[in-house]
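**Q** From the sequence below, what's the structure:
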Amino acid sequence: MRLSPRVSSTALFIPTGWIPNETLAKLVGPMITYLLPLLICFTGGRLVGGDRGGVVGAITTMGVIVGADMPMFLGSMIAGPLGGWAIKSFDRAVDGKIKSGFEMLVNNFSAGIIGMLLALLAFLAIGPLVEGLSHILAAGVNLMVQNNLPPLTSIFVEPAKILFLNNAINHGIFSPLGIQQASEAGKSIFFLIEANPGPGMGVLVAYMIFGRGSAKQSADGAAIIHFLGGIHEIYFPYVLMAPRLLLAVILGQLAGHATIREAILDQKVRAVVQGAMQESGAVLIKRYGFDAEKHAAYIQKILTRFENPYLKDDVERVGRQPLRKLSAGDRLIKPTLGTLEYQLPHASLVQGIAAAMHYRSEADPQAQAQELASLIAQKGPQAALAEISGLDANSEVVSAYHAMA
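**A** Residues are numbered from 1 along each chain as shown. From the prediction side, this is the model:
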């Protein structure tokens, strides 16, 4: 959901706006305080629990709004889906158990009662928690801006955007800060931080010049959409399109190979890496409409590049930080979740995840390999996988893990 048109429609009339009008400026406060959070929460609740979820989400969000002294965009992103989930869970629990003729009565009362209870919870707990978190995050951003270090915000903003948290960052942190600053000074840099197209444009330009196959051919169109249309999500797949290198080095280390080239020349390793690239590519083709033939050609070019005798990277170095690489938003788990979402094959990705769980290195500077081994020893591979990746305890991965032992 883009808030800028809704904000600008009222910000026109503030004293420092383009058309100052004291009477019409009275629209600004209620729209920012009530309307925008309610629109956000209704959308979130509806996505989770249908129309009833949207209604209960809106009721829940009123508890967040009333209990806070700042625009509750971030709070509404939590309260809306929570309300949708609660009413959906209730409806599932009573499905088929309500006597004929009582359905409307139960539906109305259940939505009201659940909404009221969640509104109280939001007022007493969620609102203060989100407000405190927002103040902490705002203080960090303010510190950077006051010390003339806005570019450093990209260190935190860009990785979060790649994990599709851009709306949470923009509307939960920067928009409230920007609105507050604009009301005092008539302008604000906070509206420009998350909206900065520079980092994403750099990625797309790199693909346009140095990319291969369908990624290169689609990068110019993506750049136009990203830069002129302001749709940043268009470049996220280009950043996430890289499970191949990680799998090559992890499997290479397990097989005792020293370099990426040695690993990819091992036919068993090559088969898994190629399969994982095809599986993750199938998700991109399904989700973003990539050309299947061009993407297949792109995979072959990548494999050829791995065979380059001048590629000297050792597998132990490139495979470091297995905990990060097994996390929910990183390059192994995210494409696997995509295959599950679209019910696509994922056997090679499963092999790659299992191999990553076996990664061991005494030279890991952050000791993540040792931490991973300790976690698996303490909790077992099933519970460790669930804790690290957020995946359900996937028997396929665990079976593959034991098969590699």
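**Q** Going by C-alpha atoms from here, please, whenever you check contacts or count neighbours.
**A** Noted.
**Q** Do I have it right that T339 meets V283?
**A** Yes - T339 lies in contact with V283 (C-alpha atoms under 8 Å); the separation is 6.0 Å.
**Q** Pull up the gap between the closest residue to I126 other than its chain neighbours and I40, please.
**A** Among residues not flanking I126 along the chain, V64 sits closest, at 6.7 Å (C-alpha to C-alpha, 6 or more residues apart in numbering). Between V64 and I40 the distance, using C-alpha to C-alpha, to the nearest Å, works out to 13 Å.
**Q** Please identify which of the two sits among more neighbours.
**A** Ranked by neighbour count (other C-alpha atoms under 10 Å), V64 and I40 place V64 first, with 33 against 29.
**Q** which residues touch that one?
**A** Residues near V64 by C-alpha atoms under 8 Å, 6 or more residues apart in numbering: M72, G75, S76, A79, A119, A122, F123, I126, G127.
**Q** quick revisit: list phi and psi for the residue nearest to I126.
**A** phi -70, psi -40 (degrees, to the nearest 10).
**Q** Going forward, the N-terminal residue is numbered 53.
**A** That works, and once the first residue is 53, the last one we named lands at V116.
**Q** what about the strands in the stretch 253-402 of the chain?
**A** With DSSP state E, counting those that start in this stretch as the criterion, the stretch 253-402 of the chain has no strands.
**Q** Show me how the record splits this structure into domains.
**A** Following automatic domain parsing, one finds the domains of the chain at 56-245, 249-289, 293-456.
**Q** Quick check: the two most widely separated of the contacts of V116?
**A** M124 and A171 (13.7 Å; C-alpha to C-alpha).
**Q** would you list every one of the helices in the stretch 53-202 of the chain?
**A** Ranges of helices in the stretch 53-202 of the chain, per DSSP state H, counting those that start in this stretch, are 56-63, 80-82, 88-118, 125-146, 155-173, 179-198.
**Q** Which of those helices sits closest to L378?
**A** Among those, the nearest to L378 by C-alpha to C-alpha is helix 125-146 (25.4 Å).
**Q** what packs against the closest one?
**A** helix 88-118, helix 155-173, helix 179-198 (3 or more C-alpha pairs under 8 Å, 6 or more residues apart in numbering; DSSP states H and E).
**Q** at 7 Å instead, please
**A** In terms of contacts (3 or more C-alpha pairs under 7 Å, 6 or more residues apart in numbering; DSSP states H and E), helix 125-146 is packed against helix 88-118.
**Q** Report the buried residues of the helix it packs on.
**A** Buried residues in helix 88-118, counted by 16 or more other C-alpha atoms under 10 Å: 88-102, 104-118.
**Q** do stretch 272-279 as well
**A** Here stretch 272-279 shows D272, A274, A275, I277, H278, F279 as buried, counting by 16+ other C-alpha under 10 Å.
**Q** lowest-confidence helix or strand of this structure?
**A** helix 295-306 (a mean of 47; mean pLDDT, DSSP states H and E).
**Q** can you pull the contacts of L88?
**A** Listed by C-alpha atoms under 7 Å, 6 or more residues apart in numbering, the contact set of L88 is empty.
**Q** my bad, should have said S128
**A** P89, I92, C93, T113 are the contacts of S128 under C-alpha under 7 Å, 6+ apart.
**Q** can you tell me which two in those are farthest apart?
**A** I92 and T113, at 9.5 Å, using C-alpha to C-alpha across those.
**Q** now the nearest residue in space to G102 that is not next to it in sequence: how far from V116?
**A** Residue nearest to G102 in three dimensions, not counting chain neighbours: G136, with 7.2 Å by C-alpha to C-alpha, 6+ apart. Per C-alpha to C-alpha, G136 is found 15 Å from V116.
**Q** Likewise for I261?
**A** Taken as C-alpha to C-alpha, the span from I261 to V116 is 48 Å.
**Q** Kindly report the same for E393.
**A** Distance, E393 to V116, by C-alpha to C-alpha: 32 Å.
**Q** Then H398?
**A** H398 is 41 Å from V116, by C-alpha to C-alpha.
**Q** Next: R98.
**A** Separation of R98 from V116 (C-alpha to C-alpha) stands at 18 Å.
**Q** could the buried residues of stretch 272-279 be laid out in TSV, adding distance to P249?
**A** Below are these laid out as TSV (distance: C-alpha to C-alpha, whole Å):
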residue	distance to P249
D272	14
A274	12
A275	10
I277	11
H278	7
F279	6
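**Q** from those residues, which has minimum pLDDT?
**A** Ranked by pLDDT, those bottom out at H278, which scores 69.
**Q** The closest residue to R412 other than its chain neighbours: how many residues sit nearby?
**A** Spatial nearest neighbour of R412, excluding adjacent residues (C-alpha to C-alpha, 6+ apart): A421 at 5.1 Å. Applying other C-alpha under 10 Å, we find 24 residues neighbouring A421.
**Q** what residues are up against A421?
**A** Going by C-alpha under 7 Å, 6+ apart, A421 touches Q373, P374, Y411, R412, S413.
**Q** For those, pick the one with the most neighbours.
**A** For the contacts of A421, neighbours tallied by other C-alpha under 10 Å; top is P374, 25 neighbours.
**Q** Confirm for me that I139 is in contact with G106.
**A** No - with contact defined as C-alpha atoms under 7 Å, I139 does not count as touching G106 (9.5 Å).
**Q** so who does E359 touch?
**A** R313, I316, L317.
**Q** Just name the closest of those residues to K149, please.
**A** If you rank the contacts of E359 by distance to K149 using C-alpha to C-alpha, I316 comes first, at 57.9 Å.
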